[in-house]
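Trainee: Here is my input, please return the structure:
(chains A and B)
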Protein chains: 2
Amino acid sequence: MTSEMGTADSQGTFNIGKMEPGTSFMKEGWFYDVWDGQAYCHQIENVLFRKTTKYQEVLIFESKSSGKLLVLDGDVQCAEKDEFGYQEMIAHVPVACHPNPKNVLIVGGGDGGVIRELDKHSDIETITLCEIDEEVISACKEFMPSMAVGFSCKRLKLHIGDGFEFVKERRQAFDIIINDIPDRTPCNDLTDSIYSKDYYELVKAALKPNGIFMSQQPSVWGNLECARSVMEMSGDYFSVVDYNMCMIPSFPDMQGFVMCSLNQNTNFREPLRSLDGLDLKYYNSAVHRASFAVPEFARKKLQKVYKL
Amino acid sequence: MTSEMGTADSQGTFNIGKMEPGTSFMKEGWFYDVWDGQAYCHQIENVLFRKTTKYQEVLIFESKSSGKLLVLDGDVQCAEKDEFGYQEMIAHVPVACHPNPKNVLIVGGGDGGVIRELDKHSDIETITLCEIDEEVISACKEFMPSMAVGFSCKRLKLHIGDGFEFVKERRQAFDIIINDIPDRTPCNDLTDSIYSKDYYELVKAALKPNGIFMSQQPSVWGNLECARSVMEMSGDYFSVVDYNMCMIPSFPDMQGFVMCSLNQNTNFREPLRSLDGLDLKYYNSAVHRASFAVPEFARKKLQKVYKL
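Mentor: Numbers count the residues shown, from 1 in each chain, chains lettered A, B, ... in the order given. Okay, the predicted model is just below:
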């Protein structure tokens, strides 16, 4: 987010020349999310929270047509209108693919939405969340309670701290680890802490035998090469690697996920059980299966690293 | 598109208050597509064509990151970057579901992209296109040849005229009719010519026994109630009605299609044959099947009118 964020222009005007790639800003009642040659804009009804924390710039505003939006360092993380699509897919797809998930770790996820979804599974015994920025949690508790309701989960173990360090200290502790963190920039840098090979090695060690790792990644439209390289790296640590997507309007380029399993018999594309009883809004078994069907141009590129 | 389109501001500034719902405009090197509380913007490299024809305002511009865009009356119709997704789905899904398609009619489709895709099927004998606005065709031939290449199809029968009148004069003439026309406004008005019940009755009569009708419709995100009402109306004329989607970045709300068949044995969800040999970029059999998996909130609403 640039320093212009939220500054009013005395003439009530806006110099479009400032729409530089990779910036985002608020001006004259609109939030502009700008990337290379494109911008997605939301009309602002009310700015609820804006603060530069120790780690990032946190913004929560009420939009005219998508409900409240959570924005971290200028990147839209979720909108009330369709966040259920993202949260349901990152939570329920791995759970539906694990035969007996008892202990789940979320790295990131400070809005609480993934906890909210995991809490619908009565068989899960502990849900651990490791979020680095406590101020994201407190802001969401105050202004986005529809997601932060997750923090009232009785089985929640909450840790404030760095995900890399937290995972480093665990051995065979989790059935499922879910990475719910912002996109990296630049995307292809695999040396940066939580996106690194070292992290994948630690995740593998922190998982129980047959554990599953689910991580959000760029989509095949936004950055196919990045998706491919993450899958390739994942193949060095896991027996089964696959890729699926979530389609919601707040992410015009789609949202991708790389799924990894230590169990060579895992078939992510076929859920082990139906979740019909959970009263979900986005996920069902057909949507689960369909999420793995990527456009042909992407399938050709990704199939080289599929373990299936 | 408002009258401001393309007008330069002497101060090089832009009053954001003009971002009214349902408008779109060009200003300071950006194209703004504005709808209720949201806007999707493309940086303009070069305006190639702009003219108010007898029927509509036609705009073609080269964008910075999505290739050339075709805009009719302010609505983005297609972008070079991902138009193949839309064109392949509206063309190949119905062809893959018909046992022996020989004669296909496209209503609209003046950019030529659907002809281009149908031309990949050597078994099809005639491809008829009825486009009301000849100037869309000539502009696309000059500025968007990657789509307008379709007009060099040897089996093409080209008619310039109103689709409603054209269909009215045909009886049992086509195996497949494809509606490739802009969204209606307002969406729920089913009395307006080519969106009316009368049109559906004419389409039914113009189809051969066991014919298929494929029409683009709003998505379940953009207007679920409209998708539902079109399906319900379709059920009055066709034995099988189903709904599928296409996910490409140029349409953040997705693109929906309502599919209808006079053959009660049609199962749109399972293609009758593989199209692997056609060297497509979006469509494959898995994508075909997956396109019918809609989010659970939409499935609940649409299942009441499914004939399957």
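
Trainee: in the stretch 151-300 of chain A, which segments are predicted with low confidence?
Mentor: A:184-194 (pLDDT under 70).

Trainee: Next up, identify which helix or strand residue A:178 is on.
Mentor: strand A:174-180 (DSSP states H and E).

Trainee: Check which element follows that strand along the chain.
Mentor: With secondary structure assigned by DSSP H and E, strand A:174-180 is succeeded by helix A:197-206.

Trainee: what number of residues lie near residue A:218?
Mentor: 21 (other CB atoms under 10 Å in any protein chain shown). Heads up, the C-betas are built off the backbone N, CA and C, glycines and all.

Trainee: oh sorry, the question was meant for residue A:208
Mentor: 17.

Trainee: and it, that one's in a strand?
Mentor: Yes - the assignment for residue A:208, made by DSSP: H, G, I helix; E, B strand; the rest coil, places it in a strand.

Trainee: Identify the residue nearest it in space, chain neighbours excluded?
Mentor: Setting aside the residues directly before and after it, residue A:208 is nearest to residue A:172 in space (CB to CB, 6 or more residues apart in numbering or on different chains), at 4.9 Å.

Trainee: circling back to that earlier point, what are the pairing partners of the strand holding residue A:178, and which direction each?
Mentor: Neighbouring strands of strand A:174-180 in its sheet, by DSSP bridges, are strand A:103-108 (parallel), strand A:207-217 (parallel).

Trainee: Contacts for that strand next, please.
Mentor: With CB atoms under 8 Å, 6 or more residues apart in numbering or on different chains as the contact definition, strand A:174-180 has outside contacts at A:90-91, A:94-95, A:98, A:100-109, A:114, A:128, A:163, A:167, A:194, A:203, A:206-208, A:210-216.

Trainee: Can you tell me the closest non-neighbouring residue to residue A:204?
Mentor: Leaving out its chain neighbours, the residue that sits closest to residue A:204 by CB to CB, 6+ apart is residue A:237, at 4.7 Å.

Trainee: wait, that neighbour sits on residue A:258?
Mentor: No - applying CB atoms under 8 Å, one finds residue A:237 not in contact with residue A:258, separated by 11.6 Å.

Trainee: Pull the contacting residues for residue A:136.
Mentor: By CB under 8 Å, 6+ apart, the neighbours of residue A:136 are A:53, A:58, A:72, A:110-111.

Trainee: change it to 6 Å
Mentor: Contacts for residue A:136 (CB atoms under 6 Å, 6 or more residues apart in numbering or on different chains) come out as A:58, A:110.

Trainee: What does it show for phi and psi?
Mentor: For residue A:136, the backbone dihedrals (degrees, to the nearest 10) come out as phi -70, psi -40.

Trainee: just to revisit the earlier point, counting neighbours around each, name which of residue A:237 and residue A:258 comes out higher.
Mentor: Higher neighbour count among residue A:237 and residue A:258: residue A:258, with 24 against 18, using other CB under 10 Å.

Trainee: I'd like to know how far the most centrally placed residue in chain A sits from residue A:203.
Mentor: Geometric centre of chain A, nearest residue: residue A:180, 3.8 Å, by CA atoms, centre = their mean. Distance, residue A:180 to residue A:203, by CB to CB, to the nearest Å: 14 Å.

Trainee: same check, this time on residue A:178
Mentor: Taking CB to CB as the measure, residue A:178 and residue A:203 are separated by 11 Å.

Trainee: same check, this time on residue A:154
Mentor: With CB to CB as the criterion, residue A:154 and residue A:203 are 26 Å apart.

Trainee: Which of those two has more residues huddled nearby?
Mentor: Using other CB under 10 Å, the more surrounded residue of residue A:154 and residue A:203 is residue A:203, with 27 against 6.

Trainee: contacting residues around the more buried one?
Mentor: The contact partners of residue A:203, by CB under 6 Å, 6+ apart, come to A:167, A:177, A:213.

Trainee: try 10 Å this time
Mentor: A:105, A:107, A:163-164, A:167-168, A:170, A:174, A:177, A:179, A:194, A:211, A:213, A:215, A:234, A:237-238, A:260 (CB atoms under 10 Å, 6 or more residues apart in numbering or on different chains).

Trainee: Quickly note the distance from it to chain B.
Mentor: Residue A:203 sits 29 Å away from chain B, going by CB to the nearest CB, to the nearest Å.

Trainee: Would you mind listing the buried residues in stretch A:267-274?
Mentor: A:268-269, A:271 (16 or more other CB atoms under 10 Å in any protein chain shown).

Trainee: Now do it: everything it contacts.
Mentor: With contacts defined as CB under 10 Å, 6+ apart, stretch A:267-274 is touched by A:92-100, A:212, A:214, A:240-244, A:257, A:259-261, A:266, A:283-285, A:288-293, A:308, B:286.

Trainee: Just to be sure, which of these are found in helices?
Mentor: A:92-97, A:285, A:288-290, B:286 (DSSP state H).

Trainee: got the residues you listed as CSV, with neighbour count and distance to residue A:144 columns?
Mentor: Below are the ones in helices among the contacts of stretch A:267-274 laid out as CSV (neighbours: other CB atoms under 10 Å in any protein chain shown; distance: CB to CB, whole Å):
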residue, neighbour count, distance to residue A:144
A:92, 24, 20
A:93, 24, 23
A:94, 26, 24
A:95, 25, 23
A:96, 19, 26
A:97, 25, 28
A:285, 16, 29
A:288, 23, 26
A:289, 18, 31
A:290, 22, 29
B:286, 16, 36
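
Trainee: need the residues of the stretch 201-308 of chain A near chain B, please.
Mentor: With CB under 10 Å from any CB of the partner chain as the criterion, the stretch 201-308 of chain A meets chain B at residues A:219, A:221-222, A:245-254, A:269, A:275-276, A:278-300.

Trainee: what do you get if the cut-off is 8 Å, keeping everything else the same?
Mentor: Selection of the stretch 201-308 of chain A residues close to chain B by CB under 8 Å from any CB of the partner chain yields A:221, A:245, A:247-249, A:252-254, A:280-284, A:286-287, A:289-297, A:299.
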